[in-house]
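*Asks:* Predicted model follows, preceded by the sequence.
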Amino acid sequence: MENKAYNEYLIQLDRISDLIKKTDTASKKVTTHKDVYIGGRNSSGHPHGHGTLQKSVGTRFAGNWSNGILSGNGTIEFIDGKYEGDIEDFKQQGKGYLTYNNGDVYEGEWSKGLKCGRGTLIYVNGDVYKGEWLDDIIHGKGKMTQNNGNIYDGVWKNGACIKVNQEVKIQSNFGKGMYCGEMKNFMPHGNGKAVYNNGTYDGQWENGIPQGRGEFRHNNGQFYEGNWRNGKLHVNPSVVNMNARDPLMEEASRLIVAQQKCTRSLLKIAFDIESERAVKILNQLEMAGIIGPLEIVDLIGQNESGQNRQVLVLDDYHLTQILNHL
C-alpha cells in the first residue's frame with residue numbers, strides 16, 4: 001500500500017511539473033508578442049492624444065494619436081535609426097529627417113514610409129547627395145559631392161549616375177581628365193567628352209574606355225577620327241587602298257622595324273613628306289599588320305607631334321615575308 005501511494009505521489013509531481021512548464025511557456029509567449037502603449041485614450045480605450053507605443057518587434061512610435069491612429073508630427077524609432085517628422089498611418093509621410101545608427105542622416109520628403117521627392121543624404125564618410133528620390137532610391141536630377149572633391153551633378157537612375165551636366169574628374173589606365181556626358185558606375189559610358197592635358201576625346205564610351213564612333217583632337221592640331229575598340233582607333237579598311245600602295249611604304253616599314261619605333265613625325269622627317277601622306281603610309285602599314293592601331297593612351301601620354309604606334313614585326317626577315325605576300 002505504501003509503495004502504491006508513493007507511486008501515485010510521484011505521478012502527481014510529474015503532472016504538476018508539466019503544468020508549470022506549460023504555464024511558463026505560455027507566459028513567455030504572451031510577453032514576447034505584447035505591444036505596450038502609454039498615453040491618452042478615448043472613451044473606447046483607443047490611443048488618443050499624446051502617447052507612445054512600443055512594439056514588440058522593436059519599433060517605437062511617439063506623437064499625437066487620433067482614435068488609435070498615429071498621425072501628424074512625431075517620432076519613429078527603428079532598429080537602425082530614428083525618424084522625426086510628419087507621420088501618417090504609422091509611416092513617414094511628408095517631410096522629416098532620419099538619423100541612422102551608422103551616422104548617416106537624411107532630411108527631405110517621404111511617401112508611404114519611403115524617401116520620395118527631394119531630399120539630402122549626408123553620409124558618415126562626408127559624401128553628400130542632394131536631389132530627387134523615388135521609392136527610397138536616388139533617382140532623377142541630383143548632385144553628389146564626394147569627400148575627395150569629385151562632384152557628380154546630373155541625372156540618376158536606380159541609385160546610379162547616368163549623366164553628368166558639368167565636368168567631373170575621371171581616372172583610368174590611360175590617364176586623368178575632366179569628363180562630361182553619360183555614365184555608368186561613375187565611369188564614362190555612352191556619349192561624352194573627356195578633356196586631357198594633350199587633347200580632347202569626344203564620342204562613344206563603354207565602361208570608361210573609348211568604344212565606337214569618336215574623335216580625338218590633339219592640342220598640336222592633329223585630328224583622329226573613326227571607330228574605336230577598347231581604346232584603340234582602328235583604320236577603316238574601306239578607306240585604305242592596298243592595291244595603290246605608297247612608293248615609300250616598303251622603305252618606311254624597314255625603317256620602323258629597324259628602329260622599333262613608329263610615329264607620324266618620324267616618317268615626315270625621314271622622308272621629308274607632308275602629314276597627310278605620312279598618315280596614308282601609317283594606315284597601309286596597319287592594314288598590312290606591321291604596326292598596331294593608334295591607342296588613346298598614346299594620344300594622351302605623348303607630347304611629340306606624332307604619337308607612337310606599336311611595331312608588330314620584330315625583324316627584317318619576317319617583314320620581308322609580309323611584304324612579299326602583299
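*Replies:* Received, thanks. Residues are numbered from 1 along each chain as shown.
*Asks:* partner strands of the helix or strand containing Tyr129, parallel or antiparallel?
*Replies:* Element membership for Tyr129 (DSSP states H and E) is strand 128-134. Here strand 128-134 has these sheet partners by DSSP bridges: strand 114-122 (antiparallel), strand 137-145 (antiparallel).
*Asks:* ok, which stretches of this protein are helices?
*Replies:* For the chain, the helices defined by DSSP state H occupy 2-32, 249-259, 264-271, 275-287, 296-301, 316-324.
*Asks:* in the stretch 101-250 of the chain, which segments are predicted with low confidence?
*Replies:* 173-174, 238-239 (pLDDT under 70).
*Asks:* all strands for it, in order.
*Replies:* Per DSSP state E, counting those that start in this stretch, the stretch 101-250 of the chain carries strands over the ranges 105-111, 114-122, 128-134, 137-145, 151-157, 160-172, 175-184, 187-195, 199-206, 209-218, 223-229, 232-234.
*Asks:* so which of the strands paired with strand 128-134 gets nearest Val105?
*Replies:* Proximity to Val105 (Cβ to Cβ) singles out strand 114-122 among those, at 4.8 Å. To be clear about C-beta, it is placed using only N, CA and C from the backbone, and glycine gets the same treatment.
*Asks:* Domains in this protein, by residue range?
*Replies:* Split into domains by automatic domain parsing, the chain comes to 35-149, 159-230, 235-324.
*Asks:* how about the ones you listed in TSV, adding mean neighbour count?
*Replies:* TSV is the format used below for these (neighbours: other Cβ atoms under 10 Å):
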stretch	mean neighbour count
domain 35-149	16
domain 159-230	18
domain 235-324	17
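*Asks:* residues contacting the nearest residue to Trp133 once chain neighbours are set aside?
*Replies:* Counting by Cβ to Cβ, 6 or more residues apart in numbering, Trp133 lies nearest to Lys115, which is 4.2 Å off, once chain neighbours are set aside. With contacts defined as Cβ atoms under 8 Å, 6 or more residues apart in numbering, the neighbours of Lys115 are 106, 108-109, 133, 135-137.
*Asks:* just the residues you listed now: which is nearest Asp127?
*Replies:* Using Cβ to Cβ, the contacts of Lys115 come closest to Asp127 at Tyr106, 12.7 Å.
*Asks:* still on that earlier bit, ok, so what distance separates the residue nearest to Trp133 from Arg229?
*Replies:* Using Cβ to Cβ, to the nearest Å, we find Lys115 at a distance of 41 Å from Arg229.
*Asks:* Pull the distance from the strand holding Tyr129 to the chain's centre.
*Replies:* Relative to its parent chain, strand 128-134 has a centroid offset of 15 Å by Cα atoms, centre = their mean, to the nearest Å.
*Asks:* relative orientation of it and strand 151-157 in degrees?
*Replies:* Angle between the axes of strand 128-134 and strand 151-157 is 10 degrees (criterion: axes from the mean of the first three to the mean of the last three Cα atoms, to 10 degrees).
*Asks:* Now do strand 128-134 against strand 105-111, angle only.
*Replies:* Counting by the same axes, to 10 degrees, strand 128-134 lies at 20 degrees to strand 105-111.
*Asks:* Show residues contacting strand 128-134.
*Replies:* Under the criterion Cβ under 8 Å, 6+ apart, residues 108-109, 115-123, 138-145, 156 lie in contact with strand 128-134.
*Asks:* Strand 160-172 and that one, what's the angle between them?
*Replies:* Going by the same axes, to 10 degrees, strand 128-134 makes 150 degrees with strand 160-172.
*Asks:* CA atoms only for strand 128-134 - export them in CSV, please.
*Replies:* Coordinates of each C-alpha in strand 128-134 appear next as CSV, following Å, rounded to 0.1, in the frame of the first residue of the first chain:
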residue,chain,number,x,y,z
VAL,A,128,26.6,64.4,-49.7
TYR,A,129,23.8,63.8,-52.1
LYS,A,130,21.1,66.4,-52.7
GLY,A,131,18.4,65.9,-55.2
GLU,A,132,15.5,63.7,-56.2
TRP,A,133,14.4,60.2,-54.8
LEU,A,134,12.0,57.6,-55.8
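*Asks:* circling back to that earlier point, weakest of the helices of the chain by average pLDDT?
*Replies:* Mean pLDDT is lowest for helix 2-32 among the helices of the chain, at a mean of 46.
*Asks:* What separation is there between Glu215 and Gly199?
*Replies:* Note on Glu215: its distance to Gly199, by Cβ to Cβ, is 10 Å.
*Asks:* typed the wrong thing, it's His46
*Replies:* 72 Å.
*Asks:* Gly117 now?
*Replies:* Counting by Cβ to Cβ - Gly117 and Gly199 are separated by 42 Å.
*Asks:* ok, now Lys184?
*Replies:* To Gly199, Lys184 is 24 Å away according to Cβ to Cβ.
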